[in-house]
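Undergrad: Sequence below, structure please.
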Amino acid sequence: MMLVQVRDVSEATVNALKAQAAERGLTFAAYLRAELDRLAARPTNAEVIERMARRDRRGGPTTEDTVSEIRRIREAS
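TA: Residues are numbered from 1 along each chain as shown. Next comes the predicted model:
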């Protein structure tokens with residue numbers, strides 16, 4: 001495994017993340033690992049656009065469906 005160090009993180013941010021870890025019953029390090037894994041698993045904007053471009057548009061999602069999906073992905077981050 002690789003060691004990752006992040007500098008210049010505000011005390012308020014660290015405290016908020018520690019509180020979130022505690023709420024989930026995780027150590028701070030375990031919580032950060034899980035969040036980094038979740039972040040890494042998210043598709044990039046380019047991947048989302050490519051996936052949408054490959055879709056068969058006949059009977060496919062409406063513009064409203066597409067906008068809703070983009071909003072859902074954004075809110076999940």
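
Undergrad: Surely residue 20 and residue 31 touch.
TA: Yes - in this structure, residue 20 is within contact of residue 31 by C-beta atoms under 8 Å, at 6.4 Å. Any C-beta I mention is one placed from the backbone N, CA and C, and that applies to glycine too.

Undergrad: For those two, work out which one has more neighbours and name it.
TA: residue 31 (19 against 14; other C-beta atoms under 10 Å).

Undergrad: Could you report the pLDDT at that one?
TA: pLDDT recorded at residue 31 is 98.

Undergrad: three-state assignment of it?
TA: Classification of residue 31 by DSSP: H, G, I helix; E, B strand; the rest coil places it in helix.

Undergrad: any idea how far it lies from residue 22?
TA: 9 Å (C-beta to C-beta, to the nearest Å).

Undergrad: Map the structural domains onto the sequence of this protein.
TA: In the assignment given by automatic domain parsing, the structural domains of the chain cover 11-41, 45-76.

Undergrad: Deepest in the core, which of those is it.
TA: Ranked by average neighbour count under the criterion mean count of other C-beta atoms under 10 Å, the domains of the chain are headed by domain 11-41 at a mean of 12.

Undergrad: Measure how far that domain is from the centre of its chain, please.
TA: Computed by C-alpha atoms, centre = their mean, to the nearest Å, the chain-centroid distance of domain 11-41 equals 13 Å.
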